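got a structure for you, letters missing:
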């Protein structure tokens, strides 16, 4: 697979999101009925929209926020792929988004034909980033001006779509895909459903960043597996502060 894809032309990414405030009662009054309406339409099985806020608000850009964006870059050394990893994490979402958008602009200058890469980034990560950037009145770089593309022209390599092989009814999690393709991944002390609690109750951004970076590494390993080349060894992953 991927015979025409140059891995060093990819910008790998993953984001972690949380509810915008710690609990439903912390929402501005004008937003409370809007959340209840949103939840009733998207999760009608939910008995209590107020209780659902802590678990579900981070899924929606209108009610959640980005607390971490991790990115990865392939490069070749000693005839083997290596990976650089960098994370942007902050309580101030605007700082996180601004840092990421600045990185995109720099990457675009160096690699004008680069593609974003990640798992389910077409349906979640990139739309979430774009919506939150608009909310903060941040200018979107040219590579994120996605409205002008036809669906098949969007410069994006989504490992979930690759695994679908055209079957748009099929969903496979990153965790399942790495398991069935025999890709070793470190055991996590948290999962995506726990990020909101870790953030609002423990205020542990370092723990969230570590979890986010592991997903970027998992995507990198998937792409290497799809391409039929050796997987990364731990010493071939460089973490940039």
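Alright, I've got the coordinates. Computed from a predicted structure; not experimentally measured.

every contact and neighbour count from this point should use C-alpha atoms.
Will do.

other SSEs contacting the longest strand that the chain contains?
If each strand of the chain is counted by residues according to DSSP state E, the longest one is strand 64-77. Taking 3 or more Cα pairs under 8 Å, 6 or more residues apart in numbering; DSSP states H and E as the contact definition, the neighbouring helices and strands of strand 64-77 are strand 10-19, strand 80-89, helix 93-110, helix 126-135, helix 205-227.

pick the most deeply packed of those.
When neighbours are counted by mean count of other Cα atoms under 10 Å, the highest per-stretch mean among those falls to strand 10-19, a mean of 26.

need the contact partners of that strand.
53-59, 63-74, 114-119, 121, 125, 192, 195-196, 199, 208, 212-213, 215-216, 219-220 (Cα atoms under 8 Å, 6 or more residues apart in numbering).

which secondary structure element of the protein has the lowest mean pLDDT?
The helix or strand of the chain with the lowest confidence, counting by mean pLDDT, DSSP states H and E, is helix 49-56 at a mean of 90.

tell me the spacing between the residue nearest the centre of the chain and residue 107.
Taking Cα atoms, centre = their mean as the criterion, residue 14 is the residue nearest the geometric centre of the chain, at 2.5 Å. As judged by Cα to Cα, to the nearest Å, residue 14 and residue 107 stand 16 Å apart.

residue 95 now?
Using Cα to Cα, residue 95 is found at 18 Å from residue 107.

same check on residue 230?
26 Å.

do the same with residue 64
As it turns out, when the distance is counted by Cα to Cα, residue 64 lies 27 Å from residue 107.
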